[in-house]
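1. Provide a 3D model corresponding to the input given below.
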Amino acid sequence: MKQIRVLSEHELITLEEAFKNHPKHRCRIRAHAIINSYHGFSIKQIAQILLVKGETVSSWLDQWFEHGIVFLYDSKRTGRPTIYNSIENQRLKKLVDEEPYQLKQAQSIMILETGKTASKSTLKRILKKSDYSHKQARHSLKNKRYQADFLACQQTLERLIDAERSGEIDLFYFDESGFSQKS
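-> Numbers count the residues shown, from 1 in each chain. Predicted structure coming up:
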C-alpha cells in the first residue's frame, strides 16, 4: 500500500500551512491528501474525502515521493500569448479610467492604436487581472419595486433636495456601474 510514513517537522508545518492558508485550491487539496496519507488514511479513503479519483491521489503520492514539497505548486503553464504588452495594458487601463462606462470605445481605440483585435471579454479579463471590478448597471427595476416604499423614498429624496437648495446640506449621488479599482 502506497502511503506517506515519514514527514519532517518542517514538511508537516509547511503542509498544514498550505492546507489552511494557500490561495490556490489545487495546492490546498494536494497538501490535504499528503497530510491524510501521513495520518494513515488509505488512497481510497483520501479519494472519498477529497472527492477525486483514487488514481489522482496515487499520482499525487508518486509526485510527493519524486519531487517532495515542490509538487504542491503548479508550474507555469503554456498558453496563448497575451494580446497586449504591459504598455498597451496600461493604455487600456487609462482609457477605462477616463470613461469607465465605455468599454466598446476603449476597445475601438485600442484597435486603432495597436492594430490588435481583442474581444470585450478579453478586455474584461485583462482589467480583472489588474484588480478592476466590473459592475453592470441594470436598466430598470420598475417592475420589482414596492410602490409604497418607492413613494416614501421619493418623498425623502424631495426633502433632501429641498434641504440642499436651502443650503442646509450637500447632496451627492453615487452610481456603481462600470469599471473601478475598488470592489
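2. drop to CA atoms for contacts and neighbour counts, all remaining ones
-> Noted.
3. Need the CA coordinates for stretch 115-127. PDB is fine.
-> Output in PDB follows, covering the C-alpha atoms of stretch 115-127 (Å, rounded to 0.1, in the frame of the first residue of the first chain):
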ATOM      1  CA  GLY A 115      -3.800  47.200 -34.800                       C
ATOM      2  CA  LYS A 116      -4.600  44.300 -32.500                       C
ATOM      3  CA  THR A 117      -8.200  43.000 -32.100                       C
ATOM      4  CA  ALA A 118      -9.400  41.800 -28.700                       C
ATOM      5  CA  SER A 119     -13.000  40.900 -27.700                       C
ATOM      6  CA  LYS A 120     -14.800  42.700 -24.900                       C
ATOM      7  CA  SER A 121     -14.500  39.600 -22.700                       C
ATOM      8  CA  THR A 122     -10.700  39.600 -23.200                       C
ATOM      9  CA  LEU A 123     -10.600  43.300 -22.200                       C
ATOM     10  CA  LYS A 124     -12.600  42.500 -19.100                       C
ATOM     11  CA  ARG A 125     -10.200  39.700 -18.200                       C
ATOM     12  CA  ILE A 126      -7.200  42.000 -18.700                       C
ATOM     13  CA  LEU A 127      -8.800  44.600 -16.400                       C
END
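4. do you know how far the residue positioned nearest the centre of the chain is from E164?
-> Residue closest to the average C-alpha location in the chain (CA atoms, centre = their mean): K128, at 7.6 Å. According to CA to CA, to the nearest Å, K128 stands 38 Å off from E164.
5. Repeat that for Q154.
-> Taking CA to CA, one finds Q154 at 15 Å from E164.
6. Which pLDDT value belongs to the residue nearest to the centre of the chain?
-> At K128, the pLDDT value in this model is 90.
7. what's the helix or strand for it?
-> Element membership for K128, per DSSP states H and E: helix 120-129.
8. Buried residues of that helix, list them for me.
-> L123, K124, I126, L127 (16 or more other CA atoms under 10 Å).
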